[in-house]
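Asks: I would like to see how this sequence folds:
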Amino acid sequence: MITTLSDHLIDVRPMPPRERHPKIFRTWEELPPGESILLVNDHDPVPLYYQFAAEHAGTFHWEYLEQGPDVFRVRISKGDFAESGFVPTARPKHSCPPLKSVPIELVQPLVLDTRPIFARGETPCKAIDDAVSSLIPGQLLVLVVDFEPVPLYAKLGNQGFSHTAKQLNDGAWRVEFQRKL
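Replies: Model (predicted):
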């Protein structure tokens, strides 16, 4: 991998998660057009892509230089771009089996709206992990997110959760996670 003089290296791996997005976006705001951030991460930063797509459409270009499994390197260039370069692959509709309905009348779903967390420039990873660990058997976890959280499907799927996702009228996503019985 070649790093050019116009690349500003940000290795977020040693940083606490809550500091990562603010650091990246501070650097982005100071970045002159024509220069790039070379991001090094320990997981796929596709949620960051969605944030760039929502907040900086037409002014960034996303290029994977290395795609895991342990290290991800992405060049995020600043300028005027008709296309963002990378486009996430869409998940096929109805790819998950339907959830079995289990009537639990006394337990309300745990709802976590991640939009205020992202608005503060933070990552919701710890809040999601805390919510998952606090669930009681049979309780739904409902996430409200500005984008479809595709990487989270695999992460929670590995922990025994199934999900259903629906895009709301305002463009946000409502995703219900339920531990498989």
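Asks: can you tell me how far His56 sits from His43?
Replies: As judged by Cβ to Cβ, to the nearest Å, His56 and His43 stand 21 Å apart. The way it works is simple: take the backbone N, C-alpha and C, and place the C-beta from them, glycine included.
Asks: got the buried residues for the helix-or-strand element of the chain with minimal mean pLDDT?
Replies: Among the helical and strand segments of the chain, the one scoring lowest on mean pLDDT, DSSP states H and E is helix 46-55, with a mean of 86. Taking 16 or more other Cβ atoms under 10 Å as the basis for neighbour counts, the residues of helix 46-55 that come out buried are Val46, Pro47, Leu48, Tyr49, Tyr50, Gln51, Phe52, Ala53.
Asks: Check stretch 161-169 too.
Replies: Neighbour-count burial for stretch 161-169 flags Phe161, Ser162, His163, Ala165 (criterion: 16+ other Cβ under 10 Å).
Asks: returning to what we had before: run through the neighbouring helices and strands of the least confident helix or strand of the chain.
Replies: With contacts defined as 3 or more Cβ pairs under 8 Å, 6 or more residues apart in numbering; DSSP states H and E, the secondary structure elements packing on helix 46-55 are helix 17-30, strand 60-67, helix 150-157.
Asks: Looking at the ones you listed, spot the one closest to Val87.
Replies: Each of the helices and strands packed on helix 46-55 has some distance to Val87 by Cβ to Cβ; the shortest is strand 60-67, at 8.9 Å.
Asks: Could you list every helix and strand in contact with the closest one?
Replies: Strand 60-67 makes packing contacts with helix 46-55, strand 72-78 when contacts are defined by 3+ Cβ pairs under 8 Å, 6+ apart.
Asks: gap between the shortest one and the chain center?
Replies: Between the centre of strand 72-78 and the centre of its chain there are 16 Å (Cα atoms, centre = their mean, to the nearest Å).
Asks: what does the longest one give?
Replies: Computed by Cα atoms, centre = their mean, the separation of helix 46-55 from the middle of its chain amounts to 8 Å.
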